[in-house]
Each structure stands twice: as C-alpha cells, then as structure tokens.
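Colleague: Structure of the sequence below:
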Amino acid sequence: MEGATSRISDVPVLVRESKDPGACPAVLLPWLAHQFSVDAWQSGWTDEQKRQTIRDSVFVHQRKGTIGAVKRALGSLGFGAQVQEWFNQSPPGPEYTFLLHLDVDQVGISDGDLANVLSVVDSTKNLRSHLETVIPTITTKSQLITAGVSMTGSEITVTYEPHAGSPLLLDGDWQLDGSQNLDGVFN
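Modeller: Below you'll find the model as predicted:
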C-alpha cells in the first residue's frame, strides 16, 4: 500500500487554477461555468469570451433584475447595450416595458446571436419588465477615402498611393493598385 501511494504527491493538482477563469485550462471552462451558474453558454465561443462570461457571472447574479446586470451580461457576449425603460421614453411607452439599443458592428447580428441576446436579457432582467423592441445600432469601422480631380483642359498627372492595400477605382473601368501612373489618362 505504501509503495502504491508513495508517488501520489508527485501528481500535479491544479485546484487553485481550476477555480480561476483566467488560469483555468480551456477544457475545464464548461464545468467552471456550471459551477458559477452561467446562464448563457455557447461551445463555439472563443476562450476569452468564455472566460469573460464566467468572470461576469458573479456580478450578474449579485445584481440580477437591474439594468447593470443586463448590460454586463450582454457585454460578456461582446455586445454593448443601452436599456431604455418605459418611463424614460418620449412619449412614455407601455408600462413595465423597455427598449434595448444594441451596439453591433458593420457585419450585423446573426439569428443565433440574436437568440442568445434575447435569452440573456430574459434571464437577467427583472420579472415585471418586458422587452418591447431591440433596436440595433450598427457602427462601421471602415475608413472614408475620398479623391478629387480638377480639369481645365490641360493634361495632368495624378499619383495615387494606396492606403491599407485598397485599389483606386475610376469610372468602374480603371483599377489602379498604386504602382501605376495616370499620365495621359485624363485627356
């Protein structure tokens, strides 16, 4: 018996790390989420989304039924949100309802993500209030590129240096990659 158990102390036991969302091995995250009573969980999330959801679950459970809990829970899904209750609307909305202004990127929101959002809102909002409308606010991160040409009947030279590898389109017929010169194009 002594010989069989003599090496047991050499086996690494990561108890402390398995309880910390930041240090927990990725394969144990679903069990840690269950222990923290995470309401919404998707196996397809990135490890960082899973860890953030677990971190936020204590805050959410302590403040369930508040706007802060709804916003934090949606934030861990990767969505910014503003909640506008019925008495803060102009004109006031139906009693005990609220609007959800959801910040999404230029790609939009998929049906699966919207279902997750609705599930999270339903599990974190107070019981008397009902979600009336989700209003997506789409923010683009693309840059505006403008160009102008002025002609007085003379031949001009335009040199184009591409920004972030984007080509220059002229009248839909010409496409320049930045290495070409436009001498004689504008006659």
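
Colleague: Tell me which stretches of the chain form helices.
Modeller: Along the chain, counting by DSSP state H, helices occupy 2-5, 15-18, 29-35, 47-62, 67-77, 111-124.

Colleague: just checking, what packs against the longest one?
Modeller: The contact analysis (3 or more C-beta pairs under 8 Å, 6 or more residues apart in numbering; DSSP states H and E) places helix 47-62 against helix 29-35, helix 67-77. Every C-beta, even on glycine, is put in place using the N, C-alpha and C of the backbone.

Colleague: out of the ones you listed, deepest packed?
Modeller: Mean neighbours per residue, mean count of other C-beta atoms under 10 Å, is largest over these for helix 67-77, with a mean of 21.

Colleague: and it, average pLDDT?
Modeller: The predicted model assigns helix 67-77 a mean pLDDT of 87.

Colleague: now it against helix 47-62, angle please.
Modeller: Note on geometry: by axes from the mean of the first three to the mean of the last three C-alpha atoms, to 10 degrees, helix 67-77 and helix 47-62 are set 170 degrees apart in direction.

Colleague: how far out from the middle of the chain is helix 67-77?
Modeller: Relative to its parent chain, helix 67-77 has a centroid offset of 12 Å by C-alpha atoms, centre = their mean, to the nearest Å.

Colleague: what are the C-alpha coordinates of it, in PDB please?
Modeller: The C-alpha coordinates for helix 67-77 follow below in PDB (Å, rounded to 0.1, in the frame of the first residue of the first chain):
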ATOM      1  CA  ILE A  67     -30.100  47.300 -15.900                       C
ATOM      2  CA  GLY A  68     -26.400  46.900 -14.900                       C
ATOM      3  CA  ALA A  69     -26.800  43.100 -14.900                       C
ATOM      4  CA  VAL A  70     -28.400  43.100 -18.300                       C
ATOM      5  CA  LYS A  71     -25.600  45.400 -19.700                       C
ATOM      6  CA  ARG A  72     -22.800  43.300 -18.100                       C
ATOM      7  CA  ALA A  73     -24.200  40.000 -19.300                       C
ATOM      8  CA  LEU A  74     -24.600  41.300 -22.900                       C
ATOM      9  CA  GLY A  75     -21.100  42.800 -22.700                       C
ATOM     10  CA  SER A  76     -19.600  39.400 -21.900                       C
ATOM     11  CA  LEU A  77     -21.300  38.200 -25.200                       C
END
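
Colleague: That concludes my questions; thank you for your assistance.
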